[in-house]
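> predicted coordinates and the sequence they were generated for:
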Amino acid sequence: MNSQFFLSGSSVLTVVFAMGGAWPLLALSFLVMMIGIWLADREQIAAQAPDTLAMFVQDERPLLPLDYFQGKQLLWYQAGTPVYRILQAQDTTWELVGNEGEVPFENGMIRVVPGLLYRQRPAG
C-alpha cells in the first residue's frame, strides 16, 4: 500500500459518505486522507538524494548548549542565556567572535546557544 491508495480511497469514501448522508463517517475519510499525506511525505523523503536530504535535516554547525562549557568573563544575558567572553571545554579554550549572521563563519568556529560564534584560541 502506498500513498496513492490511501488518497484515492479517501476520495471515494468522501463521495460515498456524502451521497449516502453518513456525515459522521466523513471523519473516517479524513483520517484515511491524513494517513495518505503522511505516507506521501515519507515517500518523497526516501526518493531524495542523500545530499539533498542532508541540506534539509542536518546543519553543518550544530547549536551547542552551554552545558558543555565552563564560562569565564560574563558579558551580558541574551535571551535569558549568559554570554561569556571565554568558554573552556576540557583543554580547549574558545573566544567570543560575535553573533551568527553578523560575523562570517569560518573553519574552526563553533555555534553556541543563543546563536553566538566562538573561535578556538591557540594553545599557550
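Alright, I've got the coordinates. Numbering: from 1, shown residues only.
> what is the burial count for V83?
Per other Cβ atoms under 10 Å, the neighbour tally for V83 reads 19. Glycine gets a C-beta too; all of them are placed from N, C-alpha and C.
> show me what whatever helix or strand it lives in is packed against.
Using DSSP states H and E, V83 sits in strand 81-89. Helices and strands touching strand 81-89, by 3 or more Cβ pairs under 8 Å, 6 or more residues apart in numbering; DSSP states H and E, are strand 70-78, strand 92-99.
> could you list the domains of this structure?
Listed domain ranges for the chain are 3-55, 63-120 (source: automatic domain parsing).
> will you turn the ones you listed into a markdown table that also has mean pLDDT?
Converted to a markdown table, the domains of the chain look like this (pLDDT from 0 to 100):
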| stretch | mean pLDDT |
| --- | --- |
| domain 3-55 | 87 |
| domain 63-120 | 80 |
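> can you list the helices and strands packed on strand 81-89 in JSON lines and add distance to W23 and mean neighbour count?
As requested, those are exported to JSON lines (distance: least, Cβ to Cβ, whole Å; neighbours: other Cβ atoms under 10 Å):
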{"stretch": "strand 70-78", "distance to W23": "53", "mean neighbour count": "11"}
{"stretch": "strand 92-99", "distance to W23": "54", "mean neighbour count": "16"}
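> got phi/psi on M19?
Main-chain torsions, M19, degrees, to the nearest 10: phi -70, psi -30.
> against S11, how distant is it?
Distance, M19 to S11, using Cβ to Cβ, to the nearest Å: 13 Å.
> which residues do these two both contact?
Both M19 and S11 lack any common contact, where contact means Cβ atoms under 8 Å, 6 or more residues apart in numbering.
> tell me which of the two has more neighbours.
Ranked by neighbour count (other Cβ under 10 Å), M19 and S11 place S11 first, with 14 against 8.
> what sits against that one?
Applying Cβ under 8 Å, 6+ apart, the residues near S11 are S29.
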